[in-house]
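Participant: any chance you can model this:
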Amino acid sequence: MMGSTGDADRKRRHFGSISPTIAPAKKHPFPPISEDKKLDTGLLVYKNQKLMDAIEANKFEYAAREKLYNMLLENSAQHRSTVEAVNWSWKQLVTRLESSPIVKVSGTNEGGTYTSNLNEEALLIRLKETGATESSSMSHCEHEIEGNQEAIMEKSYLLRGIESTIEDLRNYKEKVHATLLKGIPEGSSRQTTSIDLAMEVKKLRLLIDDLHVKHKPLALELQCHRDADAHNKAVIRRLKGELQSVVTKLEDTNKKLAPLKAEHDATKGTSFPPFNFGNKNLFSEKVKDKQRDLRDVESILRDLQDQASSRLEEVRILHEERIKMLKQLSSLQQNQLNVKCISSSQPWLLLRDQLEKAKLEVMHYQALYDKLQMEKDDLAWREMELNLKNDMIDVYRRCSAVADSRMTDLGMEIEKHNNEKKMIEVKLAETSKEMGRQEIITDFKALLATFPEEMELMQTQLSKYKADAVDIHLLKADVQSLSNIINVKVRECETLSRRCADEDAEIKKLKALVQDLKQSDKELKLILRMYRRESTDSRDVAVARDLEYKAWARVQSLKSSLDEHSLELKVKTAIEDEATSQQRLAAAEAEIAELRQKLEVSKSEISRLTGALKSKNEENEAYLSEIESIGQAYDDMQSQNQQLLQQITERDDYNIKLVLEGVKARQKGDSLHSEKQALEKQIQQAAASVEFFNLKVARMEDQLRINSAKVQKLGEEQVHTSCILENTQKRYSDVQKVPHQVSGSLGKLQSQLETDRGTFTEQQIQLEWERFKNKRTVEELAAVKRKAALVQAQKEGSIVPKLEEELKEYKEIVKCSICHERRKEVVITKCYHLFCNTCILRVIETRHRKCPTCATSFGPNDVKPVYI
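Facilitator: Residues are numbered from 1 along each chain as shown. Below you'll find the predicted structure:
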């Protein structure tokens, strides 16, 4: 529709600018005096008299309009003074808001300050291009735009700062509320009340947002009214210019009519000759044509007057509606910006009460939060203590696992010895039945004679093992002391009770094994008695004693294992109470030092055991070499037996002895190999325990470092929180002072703004009425101008050909500029050029969619229909 209005204005300007220029082109200032002209002088004088009367009336009206214009200028001067006062008060308010600490203007949104005015600037530029504001000066519009941009930039800067501070405060409050809600237990009355309050606050915020949303269309309507006012001002200026041009043209016509009037006065005294009957018909036809033209012009004028009156009535109704809207806007602004009304409203009072309650709850929740923080720190310390205790329990489990593996090894050895005993009994029974029993017995006695030396070696090894066992007992005692210091809450663990039950079952099993060993010991004693009865040799007694010693050593080892289990049960029952955190740290450090010493001792023991292993390996090699030499000797003997068949019997006895020695050597080798394996297992277990202890020590050291770092961090956080509390208290005191100052200044400014707003609305209403009156006067001047143009056209000649030419021009204007056949039906909104629908559809179907006149690219959505 803007395109249609622009075309209508363009047509009107074209009509006002072309029609006067065509008339002077065809006018001859000094025409030849003929009989027809002499006949028309009376009519011309009459018309000129009417024109002079109309000009005089227009002069009087113009003088009255000038008076009204001067009065309007005086009122506008008063209005300017009031506007300057309002601007001054606004600047003071802006400076106060900028000086207050609440306003925080972020510089990141500087690029978006002119977004609201870009549409207005584009509209003004398009109006300049189309010529709707040709009469107004371009420079004045540009200066106004620059001034408006600066003012809008300042206002938007302030409003954005206020909005950012409000959003920051809202986000901060929401974060505080969320943190406090986390601290409150679920399902409590405080939580429900806080949630209800939060919902009410959200509802109030939604109401405020709705008010803002309603305010935006009102502001847009006001902006539209302002744009319409600007357009009306531009039209008034253009009409003023046209009126001045009409006045100048009328003066020119007056100057040209002066000589005609003088000629008319000169010809008044002379008498006209009688008319010819031949010319009478021509004169009557011309008069009829002129009367017909006048009637047509009068009918056109009546139609135009009716249209103008109807449009004036519509404009008056719209003007009254606009005044009503302005009054409603002023009342809404007063109610919206009145601080007293807002502060005395019920939602405001409810919000204030709710804020006080929320502050009290925040203080209470802050105390609860501090209490929970202290409990959290205590729980962290307890967790650390429990971790240390778990580490000591792992150490104890490791030791118990080592003891269990030792017990299993001992059980295997016992079974092995039982099997050996059974084999020996079987062999003894077989040898007693075989021939040459005496010789075998002598060989067996010889073997028994070598047993004391082996017993001495075994006793030395046992003494070494006992010393190692003493060291192991010392280590276990140290582990027991460490477990007594650290394990505080192990009594509560049901797992330990189950383990105790399992260990009781194992102890019962061990007791059963001890009973079996005792039975085996009794059987051995019986066997010894049998041997004593058979032979009274001292070697049998020594062998029996050796067997008794071995059995006694096994019994002692089982007793030591039972003692270890009893000690472990005592460890479980002897758990002490926990001490303070600092004492625990000191005790842990002392324990770490002791563990390190024990690690060094265990390392020395490992080195000693490795030396013993080396010696055992050397002995094994010696035995193996002896066995190899015996085997070689046996081979030699076999070869000699083959060569010397005569000495078969002797060599058989000798071979039997050699076989017995080989069996003894093999038995010794097997025993040494089993001892070697047992020592290797012990060394592996010791190495694994050492690695495990090293890991535990490293873990405890890491925990100590972490604890020390936590203590330092807690100290630093305490100092930081104290500084933050001081700063927040200072800021809270400053913020408490600021609202009182701002409320006082806002009250004063509110009263000033109310008074200024009332005067401003009154003056605005007066201005609207005056604008309406000016518009009416301008329209009346346009009607007078049209009448003068018609009179001038009647005076200069026939108006029908001129109107036909103008109609042709208008038809050419209305026709499409591409095909010159169809009417303009569609407008391109980007450049506001008009074309017919078929031509635009052809352009849209092509790849390059550009305007045929200005070559600006457009899309199918940019094409809109226009009704001309």
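Participant: quick one: low-confidence parts of the stretch 51-200 of the chain?
Facilitator: For the stretch 51-200 of the chain, applying pLDDT under 70 flags the ranges 93-161, 163, 187-190.
Participant: quick one: neighbours of Gly859, just the number.
Facilitator: Gly859 is flanked by 11 other residues according to other Cβ atoms under 10 Å. For the C-beta atoms, the positions are set from N, CA and C on the backbone; glycine is no exception.
Participant: wait, it touches Arg849, no?
Facilitator: Yes: if you go by Cβ atoms under 8 Å, Gly859 and Arg849 touch, sitting 6.7 Å apart.
Participant: just the helices from the stretch 751-868 of the chain, written as ranges.
Facilitator: Taking DSSP state H, counting those that start in this stretch, the helices of the stretch 751-868 of the chain run over residues 800-814, 837-845.
Participant: and those, which one is worst for confidence?
Facilitator: Lowest mean pLDDT of the helices of the stretch 751-868 of the chain: helix 800-814, a mean of 78.
Participant: from Asn75, how far out is the closest residue to Gln78 other than its chain neighbours?
Facilitator: Spatial nearest neighbour of Gln78, chain neighbours left out: Gln763 (7.7 Å); criterion: Cβ to Cβ, 6 or more residues apart in numbering. Distance, Gln763 to Asn75, by Cβ to Cβ, to the nearest Å: 7 Å.
Participant: about what we covered before: model confidence for the residue nearest to Gln78, exactly?
Facilitator: Confidence score, pLDDT, at Gln763: 76.
Participant: how about Asp478?
Facilitator: 65.
Participant: which residues of the stretch 651-800 of the chain score low on pLDDT?
Facilitator: 651-655, 735-736, 738-740, 742-744, 746-747, 749-750, 753, 757, 790, 793-800.
Participant: just the strands from it, written as ranges.
Facilitator: Counting by DSSP state E, counting those that start in this stretch, the stretch 651-800 of the chain forms no strands at all.
Participant: just the chain next, same as before
Facilitator: 826-828, 833-835, 863-865 (DSSP state E).
Participant: out of those, nearest to Leu379?
Facilitator: strand 863-865 (72.7 Å; Cβ to Cβ).
Participant: so for that closest one, what's the average pLDDT?
Facilitator: On average, strand 863-865 scores 88.
Participant: who does that strand pair with, and is each partner parallel or antiparallel?
Facilitator: strand 826-828 (antiparallel) (DSSP bridges).
Participant: measure the residue lying closest to Asn75 once chain neighbours are set aside to Lys324 for me?
Facilitator: Nearest-residue entry for Asn75: Gln766, 6.7 Å, with adjacent residues in sequence omitted and distances by Cβ to Cβ, 6+ apart. From Gln766 across to Lys324, the span is 15 Å (Cβ to Cβ).
Participant: out of those two, which sits in the busier spot?
Facilitator: Gln766 (13 against 10).
Participant: test my guess that the more buried one contacts Ser76.
Facilitator: No: in this structure, Gln766 is not within contact of Ser76 by Cβ under 8 Å, at 10.1 Å.
Participant: could you dump the strands of the chain into TSV and include mean neighbour count and distance to Thr253?
Facilitator: Converted to TSV, these look like this (neighbours: other Cβ atoms under 10 Å; distance: least, Cβ to Cβ, whole Å):
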stretch	mean neighbour count	distance to Thr253
strand 826-828	22	40
strand 833-835	23	36
strand 863-865	14	44
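Participant: relative to Glu804, which of those strands is closest?
Facilitator: strand 833-835 (23.5 Å).
Participant: what are the pairing partners of the closest one, and which direction each?
Facilitator: Here, using DSSP bridges, strand 833-835 pairs with strand 826-828 (antiparallel).
Participant: other residues contacting the strand it pairs with?
Facilitator: With contacts defined as Cβ atoms under 8 Å, 6 or more residues apart in numbering, strand 826-828 is touched by 3, 833-837, 840, 851, 856, 858, 862-866.
Participant: picking up where we left off before, looking at the helices of the stretch 751-868 of the chain, spot the one closest to Ala698.
Facilitator: helix 837-845 (80.3 Å).
Participant: and that closest one, what's buried?
Facilitator: Using 16 or more other Cβ atoms under 10 Å as the test for burial, helix 837-845 gives Cys839, Ile840, Val843.
Participant: out of the contacts of strand 826-828, the closest to Glu66 would be?
Facilitator: Gly3 (36.8 Å).
Participant: where does the prediction get shaky in the stretch 251-400 of the chain?
Facilitator: Ranges of the stretch 251-400 of the chain meeting pLDDT under 70: 254, 256-287, 290, 330-343, 345.
Participant: hmm, back to that, relative to Ala678, which of the helices of the stretch 751-868 of the chain is closest?
Facilitator: Per Cβ to Cβ, nearest to Ala678 of the helices of the stretch 751-868 of the chain: helix 837-845, 101.1 Å.
Participant: can you list contacts of that closest one?
Facilitator: 816, 818-819, 822, 825-826, 828, 849-850, 852, 860, 863, 865.
Participant: cutoff 6 Å now
Facilitator: Contacting residues not belonging to helix 837-845 are listed as Cys816, Ile818, Cys819, Glu825, Val826, Pro860, Val863 [Cβ atoms under 6 Å, 6 or more residues apart in numbering].
Participant: what's the burial count for Tyr396?
Facilitator: Using other Cβ under 10 Å: Tyr396 sits among 21 other residues.
Participant: what about Met363, distance to Glu356?
Facilitator: Taken as Cβ to Cβ, the span from Met363 to Glu356 is 11 Å.
Participant: next one: Met71
Facilitator: Distance from Met71 to Glu356, by Cβ to Cβ: 58 Å.
Participant: again, but for Glu691
Facilitator: 66 Å.
Participant: again, but for Asn707
Facilitator: 44 Å.
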